[in-house]
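K.L.:
Got a predicted structure plus its sequence, pasted below:
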Amino acid sequence: MGEVTQDLGQIQKIMENGNYDEARPLLKEYLAANPNEPLAIRLYGNTFAYTGFLGKAKKIWHDGLRKFPENIDLLYNYALAHYLQGNLFYARRYWKKALKFAPEDSEIYFNLGQIARDEGRLKLAVNYWRKALQFKPDNVEVMNNIGVAYATLRSFGKAAAWYKKAVNADKNYALAHFNLANALFETGEFENSQKHAEAAARLDPAAHMETVTLLLRKIKDKRAVS
């Protein structure tokens with residue numbers, strides 16, 4: 001066996017630049033000399049996952065979990081791979097396993113909330129996302145997601161409250177402005193609805209200009225008959 005000429009730090013820098021095909025043989029060589037290095041196993045799987053070979057990545061991470069069943073990164077990545085393939089049962093199982101070893105990991109709670117949302121269990125999703133915010137209280141995406149869940153349940157007042165949290169935390173969060181505009185329209189707060197709709201269009205016109213135009217037209221019609 002030849003001498004390993006790269007260390008993990010160097011290989012990670014190669015991967016940070018998106019050169020996964022270059023990193024793959026280096027990691028294979030590294031693992032031949034250091035087979036019990038969970039970080040290298042995870043990175044080796046990443047070189048396949050990021051180049052479209054998710055099934056191969058899953059096998060590498062699964063084999064790694066046989067050696068390191070409590071490794072959070074391997075559990076997380078293996079769960080994420082299942083989630084991306086639509087296998088919600090196994091995604092939930094392995095994220096819950098990861099949670100046993102990382103009970104304050106905000107991302108795991110966030111992802112469990114995503115699964116609950118995908119299954120239509122919106123109240124459970126909200127519970128998971130609120131838990132995620134306990135450990136990362138500035139996560140505006142989570143705030144927005146909670147708002148979307150309440151809006152789907154047609155609790156527009158609660159939805160608006162969460163969207164407001166998101167835009168207060170990040171004034172430039174266009175999607176939350178747009179969602180807040182819609183929630184405020186449903187609660188009859190047309191002036192504030194218009195203000196946030198215009199903010200969404202200004203911040204991200206490519207994504208929101210067309211839908212904001214439709215919403216502003218609805219607001220105008222409502223005002224005309226009120």
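P.N.:
Perfect, thanks for sending it.

K.L.:
Might you list the low-confidence residue ranges for the protein?
P.N.:
Along the chain, the parts satisfying pLDDT under 70 run over 1-6, 226.

K.L.:
for the helix ranked longest in it, which positions count as buried?
P.N.:
Counting by DSSP state H, the longest helix found in the chain is helix 205-225. Across helix 205-225, burial judged by 16 or more other C-beta atoms under 10 Å covers 208, 212, 215, 216, 219. Backbone N, C-alpha and C define where each C-beta goes, glycine included.

K.L.:
same deal with stretch 100-117?
P.N.:
The neighbour-count check on stretch 100-117 (16+ other C-beta under 10 Å) flags 102, 105-117 as buried.

K.L.:
returning to that earlier point: helices and strands around the longest helix of the chain, which ones?
P.N.:
Applying 3 or more C-beta pairs under 8 Å, 6 or more residues apart in numbering; DSSP states H and E, one finds that helix 205-225 contacts helix 174-186, helix 190-203.

K.L.:
sorry, back to before: what's the closest of the buried residues of stretch 100-117 to residue 80?
P.N.:
For those, the residue nearest residue 80 by C-beta to C-beta is residue 111; the value is 7.3 Å.

K.L.:
Go ahead and list the helix or strand containing that closest one.
P.N.:
helix 106-118 (DSSP states H and E).

K.L.:
Mind checking what helix or strand follows that helix in sequence?
P.N.:
Note on helix 106-118: by DSSP H and E, the next helix or strand toward the C-terminus is helix 122-135.

K.L.:
Against which helices or strands is that following helix packed?
P.N.:
Counting contacts by 3+ C-beta pairs under 8 Å, 6+ apart, helix 122-135 packs against helix 106-118, helix 140-152.

K.L.:
mind checking the SS state of residue 137?
P.N.:
Look at residue 137: counting by DSSP: H, G, I helix; E, B strand; the rest coil, its state is coil.

K.L.:
Quickly note the distance from it to residue 56.
P.N.:
Look at residue 137 and residue 56: by C-beta to C-beta, to the nearest Å, they are 38 Å apart.

K.L.:
With neighbour numbers in mind, choose between those two.
P.N.:
Set residue 137 next to residue 56 and count neighbours by other C-beta atoms under 10 Å: residue 56 wins out with 15 against 12.

K.L.:
Residue 48 is in contact with that one, correct?
P.N.:
Yes - Residue 56 is in contact with residue 48 according to C-beta atoms under 8 Å; the separation is 4.2 Å.

K.L.:
returning to that earlier point: JSON lines for the helices and strands packed on helix 205-225, including mean neighbour count and distance to residue 34?
P.N.:
Putting these into JSON lines (neighbours: other C-beta atoms under 10 Å; distance: least, C-beta to C-beta, whole Å) gives the following:
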{"stretch": "helix 174-186", "mean neighbour count": "24", "distance to residue 34": "44"}
{"stretch": "helix 190-203", "mean neighbour count": "19", "distance to residue 34": "47"}
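
K.L.:
Turn those into CSV, columns for distance to residue 36.
P.N.:
Listed next are the helices and strands packed on helix 205-225 as CSV, based on distance: least, C-beta to C-beta, whole Å:
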stretch, distance to residue 36
helix 174-186, 44
helix 190-203, 49
